[in-house]
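Enquirer: 3D model of this:
(one chain, ligands or ions: 1)
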Amino acid sequence: MMRLMAQKIQSIADSIADEEVDAFTHAILSANRIYVMGAGRSGLVAKAFAMRLMHLGFTSFVVGETITPAIEKNDMFIAFSGSGNTKSIADVAQTAKGIGSTIGLITSNKDSTIGIIADVIVVIESQRDAVTDESHEYDIRQMMGEHKSFAPLGTIFETTSMVFSDALVSHIMEITQTSEGELKKRHTNIE
Ligand SMILES: O=C([C@H](O)CO)[C@H](O)[C@H](O)COP(=O)(O)O
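Expert: Modelled structure (predicted):
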């Protein structure tokens, strides 16, 4: 089952457009502060990314935390949303857009409420090479006997966006010549 998931992630990774990643990276590097948001499991990925941004030396916040300050024009708002339509995130994106912040979106659906207003988008094609019912059952039978569960709901988006955002962190480390030691120094020492 894990091999099947790794194959899907590989296939999606191959489909990610370099130009989208370049534009997204440029927007991050140009932002004053970075505000990250997602709901549910996508929100967990968003939080993990905000943490690494802080380790990289960016001023980053998670939207919804009590200590998150007001967003401003030169800030960037980044949404992780597979559907691109989750209402709470779309509402905040709309507000941030109105203020003049740059809107970034990591999604499987660029033709969505948030996608329409986003300045930079990275598409994670979570339906790419979607297994048909027939091949799904074939793959599963091969690997798991009669068990037929594979990657329910937004699992493929959430897992792949985690891998993608970790790759983006490595990419930014390279561009900014930031060492792992610098990240380590910023890691909390009170956990
Ligand atoms: O937690 C989630 C759900 O379990 C799907 O796997 C989603 O991440 C959450 O519902 C948010 O959805 P999206 O904004 O479409 O990512």
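Enquirer: tell me, how many residues neighbour Asp14?
Expert: Using other Cβ atoms under 10 Å, Asp14 has 10 neighbouring residues. Every C-beta, even on glycine, is put in place using the N, C-alpha and C of the backbone.
Enquirer: and the nearest residue to Met5 once chain neighbours are set aside, what does it touch?
Expert: Spatial nearest neighbour of Met5, excluding adjacent residues (Cβ to Cβ, 6 or more residues apart in numbering): Ala151 at 6.3 Å. Neighbour list for Ala151: Met5, Lys8, Thr159 [criterion: Cβ atoms under 8 Å, 6 or more residues apart in numbering].
Enquirer: just the buried ones from those?
Expert: When the contacts of Ala151 are checked for burial by 16 or more other Cβ atoms under 10 Å, the buried set is Lys8, Thr159.
Enquirer: among the contacts of Ala151, which lie within helices?
Expert: If you go by DSSP state H, the contacts of Ala151 have Met5, Lys8, Thr159 in helices.
Enquirer: okay, those in a markdown table with pLDDT and distance to Gln177 next?
Expert: Converted to a markdown table, these look like this (pLDDT from 0 to 100; distance: Cβ to Cβ, whole Å):
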| residue | pLDDT | distance to Gln177 |
| --- | --- | --- |
| Met5 | 93 | 33 |
| Lys8 | 94 | 33 |
| Thr159 | 97 | 29 |
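Enquirer: between these, which sits nearest Arg52?
Expert: Thr159 (16.6 Å; Cβ to Cβ).
Enquirer: ok, the closest one - contacts?
Expert: Contacts of Thr159 (Cβ under 8 Å, 6+ apart): Met5, Ile9, Ala151.
Enquirer: for the ligand, see how far away Gly181 is.
Expert: 33 Å (Cβ to the nearest ligand atom, to the nearest Å).
Enquirer: ok, now Ser11?
Expert: Look at Ser11 and the ligand: by Cβ to the nearest ligand atom, they are 19 Å apart.
Enquirer: what strand or helix carries that residue?
Expert: Ser11 belongs to helix 2-15 when assigned by DSSP states H and E.
Enquirer: for the residue of the chain found nearest the ligand, what are phi and psi?
Expert: Minimum separation of the chain from the ligand (Cβ to the nearest ligand atom) falls at Gly40, amounting to 2.2 Å. In terms of degrees, to the nearest 10, the main-chain angles of Gly40 are phi 60, psi -130.
Enquirer: cool, Phe77 as well?
Expert: Phe77 has phi and psi values of phi -110, psi 120 when expressed as degrees, to the nearest 10.
Enquirer: which pLDDT value goes with it?
Expert: With respect to pLDDT, Phe77 scores 99.
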